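Colleague: structure for this input, please:
(chains A, B and C)
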Amino acid sequence: MSLITLLTDFGTQDIYVGVMKGTIARIAPQAQIIDLTHAIPPQDIATARFQWMSAYPYFPPGTIHLAVVDPGVGSSRHPIALQMPSGYLIAPDNGLISGILPIEPPIAAVKLTNPQYWRTPNPSNTFHGRDIFAPIAAHLANGVSLLELGEAIDPAALVQLPMPLPQQLPDGTWQGVIQAIDHFGNLITNLRGDLVMGKTWSLQMGDRTFPGCQTYADHQTGEAIALINSENWIEVAIVNGNAKHMGKTHQFCVVSFGVNPNGR
Amino acid sequence: MSLITLLTDFGTQDIYVGVMKGTIARIAPQAQIIDLTHAIPPQDIATARFQWMSAYPYFPPGTIHLAVVDPGVGSSRHPIALQMPSGYLIAPDNGLISGILPIEPPIAAVKLTNPQYWRTPNPSNTFHGRDIFAPIAAHLANGVSLLELGEAIDPAALVQLPMPLPQQLPDGTWQGVIQAIDHFGNLITNLRGDLVMGKTWSLQMGDRTFPGCQTYADHQTGEAIALINSENWIEVAIVNGNAKHMGKTHQFCVVSFGVNPNGR
Amino acid sequence: MSLITLLTDFGTQDIYVGVMKGTIARIAPQAQIIDLTHAIPPQDIATARFQWMSAYPYFPPGTIHLAVVDPGVGSSRHPIALQMPSGYLIAPDNGLISGILPIEPPIAAVKLTNPQYWRTPNPSNTFHGRDIFAPIAAHLANGVSLLELGEAIDPAALVQLPMPLPQQLPDGTWQGVIQAIDHFGNLITNLRGDLVMGKTWSLQMGDRTFPGCQTYADHQTGEAIALINSENWIEVAIVNGNAKHMGKTHQFCVVSFGVNPNGR
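Modeller: Numbering: from 1, shown residues only, chains lettered A, B, ... in the order given. Down below sits the predicted model:
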């Protein structure tokens, strides 16, 4: 049984996602499809990159992951596919894959230049999700090999989306940024939980300091805390509340050690 | 393997769609189900008609398409099913099917009068999706033939939803209307791309004129343009932006030829 | 074929639900998954309880129902699973199951204390949906027996969520509350349709009286009415409109008999 995941900015109000699934079903009716999300803000490659890399490690070997957030659709940006140790990636070459590549190195990459595996040799200028990407996913699910899909390219030459890296400051603290805000209003930094494991710590953002904690449940409803989330990122959360108003994406934050009056 | 698609105005906050799927699974556990959308505005038959016809051509032969947008539930409007060259349609007889019928002529139609194929002989007055339509889809998936489901009727007698047709004006221009606005804020007209293929053209709406273009990617972010979309409709779009504020459903627009200062 | 349903407050903007499905697919690739809803308001156990019990009766025997609305994640609240006459329930022990237990009595219950059936022996403090609940659902789908999953407990000792019960007043009327408001803006009371079956009746809420009716379709668009919904609850609705502004959750309402000037 083959498994395909979908991540797009198409929303769920129109039938665009359904049409991609119908297109897959015509070619590979046996394929199972799992939606990661279709609520990426329109054309927001950075958010898509973050969400895609967050989901990637949890799927069975051989899973085919398809992401379509594609502000350059119809331009000269290339549609690409990668064979990975754990499965396949299909996307426009605009940086979407650049969160996943550090997780494991690609085995091979191709530009999707072989129209035999498209829905039509004359794809729409505005919906490559239907005309190129979905059919490619379906053909991979049917066992077509990556190198049949087009021209091999060097994975090192793929478009990277530069992301700020955490850095240690001269005073020993670590500076990072908010990289995402989730449905619960948790502010997810790009600082790894390993930095604070076994230490007394706190997180400073703007003029607020959040005590570093083990879990939501150690604290009272309404308390604002910092903790290590399920993906090993440090995040700011309000216990049983929403911290969205306390920060925004790309805002700086700093982890300090040894001072944490309220943390448990 | 049988495939059922669902399109409703039920939203995804309640368990109504899940209950329809559970009802299908009780009767036809092998059926695959694909959601087209559940975000049709409540009781909006015109939007449902547009979305349903937009999805229809992309599914495998034999697909069973079920749409429930049903302001007349519990009244004398009939639940119906149609056998089509490419599959089946199930819906209340309120005009939902009238966008699909021009795509291909029906083979047969029935009123769903046989309670043997309902969930219960005493269906709820408010949820025929669960009690009539979903079971019918499941029984079709199991191979029950259309004519067992109820009384045959003349497809020509089904309710039609009158839609404005594009018309050519005496000066050679074409007048149409906005028929839908999608998640990206693209204003989708009812004018076919064939009208402008190979020509220099522009679209006028209100006091604005939009240059006729080939693709989003030919233009700068933020530019407002007209182009042919993936369904061969002419649409107004803002490149990597949202044109929702520039028009509304049913608003008139006019395609003119030979004058297009900014188009490429 | 095994069927798993999911109900959470995770929303669909992030990949949390997708990650649960990937985790299930790693263990039980043959399992079918149906989403009930992921739009429970964050941490709202009462709404989740209502939605879960509303969906439960409509699934095939053996269905595995998983609900994760978990304000106590990481605290001492227990993750539990129940064997029911019609299937399985998996949830945190915080009252989520207490709407379903009156439908049918549990056969057995366990605390999920056996880490062999978790994703990892060191589950995240913030995402038991991924690390405990989804793997348990998958192992049940694979035929693991309930009692292997952990320590047997007395179902009578599970956390109950106390809900107000309808009561008959001295004048013979019945008093209840609004227990939920759905996507269509229908105000769903906790009063059973059986109370009014075959009688002339009306519903009073605040200073408004709503005529008791059989179906939406008996009335004009825009009329506010009371009727029996598809789950046998009395609800307030505006015909082809939205009654959300007319009441709120927990608001009192009273059913009276014999007076109904406008009802049909």
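Colleague: hey, let's count contacts and neighbours off CA atoms from now on
Modeller: Will do.
Colleague: count of residues packed around A:Ser173?
Modeller: Check again: residue A:173 is Thr, not Ser. Number of residues near A:Thr173 (other CA atoms under 10 Å in any protein chain shown) recorded here: 15.
Colleague: ok, now A:Asp194?
Modeller: Counted with other CA under 10 Å, the neighbours of A:Asp194 add up to 12.
Colleague: can you give me the distance of it to A:Asn229?
Modeller: Applying CA to CA, to the nearest Å, the value for A:Asp194 to A:Asn229 is 11 Å.
Colleague: confirm A:Lys21 sits in a helix?
Modeller: Yes - looking at A:Lys21 with DSSP: H, G, I helix; E, B strand; the rest coil, it is inside a helix.
Colleague: next, the contact list for it, please.
Modeller: Each residue near A:Lys21 by CA atoms under 8 Å, 6 or more residues apart in numbering or on different chains is listed here: A:Ile33, A:Ala134, B:Ile34.
Colleague: partners of the first one in the sheet?
Modeller: Note on A:Ile33: beta-bridge partners A:Ile4, judged by DSSP bridges.
Colleague: in three-state terms, label A:Ile40 for me.
Modeller: Classified using three-state DSSP, A:Ile40 is coil.
Colleague: next up, the contacts around it.
Modeller: Counted by CA under 8 Å, 6+ apart, A:Ile40 has contacts A:Leu7, A:Thr8, A:Asp9, A:Phe10, A:Gly11, A:Thr47, A:Ala48, A:Val69, C:Gln13.
Colleague: in which helix or strand would I find A:Asn89?
Modeller: To be clear, residue A:89 is Leu; Asn isn't right here. strand A:87-92 (DSSP states H and E).
Colleague: can you tell me the strand partners of that strand and which way each runs?
Modeller: Here, using DSSP bridges, strand A:87-92 pairs with strand A:63-68 (parallel), strand A:79-84 (antiparallel).
Colleague: run through the contacts of A:Ile40 and flag the ones next to chain B.
Modeller: A:Phe10, A:Gly11 (CA under 8 Å from any CA of the partner chain).
Colleague: tell me which of the contacts of A:Ile40 fall in strands.
Modeller: Of those, the ones assigned to strands by DSSP state E are A:Leu7, A:Thr8.
Colleague: so which of the contacts of A:Ile40 is the closest to A:Ala91?
Modeller: When the contacts of A:Ile40 are ranked by distance to A:Ala91 (CA to CA), A:Val69 comes first, at 8.0 Å.
Colleague: the closest one reaches A:Gln43, doesn't it?
Modeller: Yes - the criterion here is CA atoms under 8 Å, and A:Val69 meets it with A:Gln43 at 5.6 Å.
Colleague: more crowded one of these two?
Modeller: A:Val69 (26 against 19).
Colleague: still on that earlier bit, pick the most buried one from the strands paired with strand A:87-92.
Modeller: The highest average neighbour count among the strands paired with strand A:87-92, using mean count of other CA atoms under 10 Å in any protein chain shown, belongs to strand A:63-68 at a mean of 26.
Colleague: could I have the CA atoms of that one written out in PDB?
Modeller: The C-alpha coordinates for strand A:63-68 follow below in PDB (Å, rounded to 0.1, in the frame of the first residue of the first chain):
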ATOM      1  CA  THR A  63       5.800   7.700   2.100                       C
ATOM      2  CA  ILE A  64       5.500  10.200  -0.800                       C
ATOM      3  CA  HIS A  65       5.300  13.800   0.500                       C
ATOM      4  CA  LEU A  66       3.800  16.400  -1.800                       C
ATOM      5  CA  ALA A  67       3.900  20.200  -1.000                       C
ATOM      6  CA  VAL A  68       2.400  22.900  -3.200                       C
END
